[in-house]
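In: how would this look folded up:
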Amino acid sequence: MYVAVKGGEQAIDNAHALLARRRRGDASVPELSVEQIRQQMPLAVARVMSEGSLFDEELAALAIKQAAGDLLEAIFLLRAYRTTLPRFLSSVPLQTETMRVDRRISAIFKDLPGGQRLGPTFDYTHRLLDFSLLAEDADSQAATAAQTPVPQPARKRPAAAQAAPPVAPQVAAAPADAPQPESCPRVADMLAREGLLQEEPDTAARVPDITREPMDFPTTRAQRLQALARGDEGFLLAMGYSTQRGYGRNHPFAGEIRIGWVDVWIEPEELGFAVPLGEIEVSECEMINQFVGSKEQPPQFTRGYGLAFGYAERKAMGMALVDRALRADEYQEEVESPAQQEEFVLMHCDNVEAAGFVSHLKLPHYVDFQSELDLIRKLRRNAAAATIEKEQAA
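Out: The predicted structure follows:
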C-alpha cells in the first residue's frame, strides 16, 4: 500500500489543521453529527460498511464524517480499524431465505409467493431536484434554535424521587390474531425444483479469508465473492455493464433482489450448537443467465450471485453480473473479455489498493525524473547531431 505521507513535520501539522477546518466548514452552520449521518445517509453508510468489510453503522458514519464525505477515504479508515479487531469465531452461513424483507422484487415472475415488495427505492422517482428540501432545512434550523433549552439551575430531587426506580416503557403486545408476514421463498429455488437452474454445489470445505490469506490464481468462487464484496462499486458496475454490451456472453435477468434483515449465528466449540448473535441488514441479488448444456447435462439456466452489507442494491447487482462472468471456465466458455478474466478483475477491483497506488504518484520522484530527464536530453542531442551529419553529407 502506497500512502503519501512525506513532508516536513510542521507542514504536515498545518495540513491536518487545514483539513479539519475544511471538514468543519462554516462554524455558524450547525455541525453534522455522526448519528445524523447514520440515520440520514444510510446508502453512503452501507457502501462504506460493505467495501470496508465491517458491519458497524456507527463506525461507518464516523468514518464518513472524519473523511469529510470522501467515501474512499472512509472505507480506508474503516478497513484500517478493522485490522485492529480480534477475531473469535466465524459465523455459520447466513440463511437469507428467512430474511425479514423490506424490499423484494423479481423481473422474471410477476406473481410470486410473498408478493413483490417495492420497499424504499429510487426506481419510480422523478430525477428532478426537490427544492422543498431546502425549505425543510431552513425550518429545521429554526425549530432547533427555538427548541434549544435554556440552562436551569440544578435542583435537589426529593428523597422519594431519588429512591424510586425508573419505570420501564410499556410496549403494546401484538394481538394473537394479527396477520403474520407471508413467507418469501427464493425464486431460484422454484426454478431449481423443476431442474431448470444449475444446482450450486453444497461444499463443506473451509472458506478461505482473503483478508488473512492472499489470493492465488486460479481462485475459488468463495475467494472471488469475497473480493467482489469488498470491490469498488463503480468498477463492478463498469464490468457488469460490459457483460451486457457483448463482452461477457451474458444475457441476464434479475431473478430476485431482496433487501432486509437476517440473523447472524455463531457456533462456539464449547457449546456444540449455534446461538444467535444479532441481525444485520444485507442486499442480495441472484441473476438468472442464459442457457448452457452439455452431453451430460440438459440445457438450463445458470446464476450469478451478489451480497452486500446494508441497502446496496446496485452493488449487489453489479457483483452478481461479474460473478457469473468469472464462471466462464466452470461452464467451459471461451474467455475473451476483461470481465471474464479473474486475475484482471480481482487484482484491480479493490478501491483502497487502487487509490493508494494512484496516490503514491504524489510522493517525491525527483531522482527517477532526473534520470528520465537526462535520458531525454541525451536522446535529443544525439538526434540533433545525427540530423546535422545527414545534412552535411547531403
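
In: all contacts plus neighbour counts: C-alpha atoms, from now on.
Out: Will do.

In: tell me the contacts of Leu32?
Out: Lys65 (CA atoms under 8 Å, 6 or more residues apart in numbering).

In: what helix or strand is Val101 on?
Out: Val101 belongs to strand 100-105 when assigned by DSSP states H and E.

In: what does the average pLDDT come to for that strand?
Out: Regarding strand 100-105, the rounded mean pLDDT is 94.

In: name the residues of it that are buried.
Out: Buried residues in strand 100-105, counting neighbours by 16 or more other CA atoms under 10 Å, are found at 100-101, 103-105.

In: now those as JSON lines including distance to Ala227?
Out: Output for the buried residues of strand 100-105, formatted as JSON lines (distance: CA to CA, whole Å):
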{"residue": "Arg100", "distance to Ala227": "26"}
{"residue": "Val101", "distance to Ala227": "26"}
{"residue": "Arg103", "distance to Ala227": "25"}
{"residue": "Arg104", "distance to Ala227": "25"}
{"residue": "Ile105", "distance to Ala227": "26"}
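
In: what is the burial count for Ala328?
Out: 19 (other CA atoms under 10 Å).

In: quick check on it: phi, psi?
Out: phi -60, psi -50 (degrees, to the nearest 10).

In: quick one, what contacts Phe309?
Out: 46-47, 49-50, 55, 280-283.

In: for Leu237, that is, sorry about that
Out: So, once contact is read as CA under 8 Å, 6+ apart, Leu237 ends up touching 314-315, 318-319.

In: and the helix or strand harbouring it, what's buried?
Out: Element membership for Leu237, per DSSP H and E: helix 233-242. The neighbour-count check on helix 233-242 (16+ other CA under 10 Å) flags 233, 235-237, 239-242 as buried.

In: reformat these as CSV; add distance to Ser33 and pLDDT.
Out: Listed next are the buried residues of helix 233-242 as CSV, based on distance: CA to CA, whole Å; pLDDT from 0 to 100:
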residue, distance to Ser33, pLDDT
Glu233, 26, 96
Phe235, 30, 96
Leu236, 31, 96
Leu237, 31, 95
Met239, 36, 95
Gly240, 36, 94
Tyr241, 36, 94
Ser242, 39, 93
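
In: in CSV: those residues, plus distance to Ile64.
Out: Below are the buried residues of helix 233-242 laid out as CSV (distance: CA to CA, whole Å):
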residue, distance to Ile64
Glu233, 17
Phe235, 20
Leu236, 22
Leu237, 22
Met239, 26
Gly240, 27
Tyr241, 28
Ser242, 30
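
In: now, among the residues you listed, which is nearest to Leu379?
Out: Phe235 (39.5 Å; CA to CA).

In: please look at the closest one and Met347 and confirm they touch.
Out: No - assessed by CA atoms under 8 Å, Phe235 is found out of contact with Met347, at 11.7 Å.

In: on that earlier part again, next one: the strand holding Val101 to chain centre, how far?
Out: 19 Å (CA atoms, centre = their mean, to the nearest Å).

In: just the CA trace of it, in PDB.
Out: Extracted in PDB, the C-alpha atoms of strand 100-105 (Å, rounded to 0.1, in the frame of the first residue of the first chain):
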ATOM      1  CA  ARG A 100     -37.100 -10.100   7.300                       C
ATOM      2  CA  VAL A 101     -37.700  -8.500   3.900                       C
ATOM      3  CA  ASP A 102     -38.000  -4.700   3.400                       C
ATOM      4  CA  ARG A 103     -37.700  -4.900  -0.400                       C
ATOM      5  CA  ARG A 104     -38.100  -7.900  -2.700                       C
ATOM      6  CA  ILE A 105     -38.600  -7.800  -6.500                       C
END
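
In: quick one: residues in contact with that strand.
Out: 116-120, 256-262.

In: among the contacts of Leu237, which ones are in helices?
Out: Counting by DSSP state H, the part of those found in helices is 314-315, 318-319.

In: quick one: Asn250 from Gly318, how far?
Out: Applying CA to CA, to the nearest Å, the value for Asn250 to Gly318 is 13 Å.
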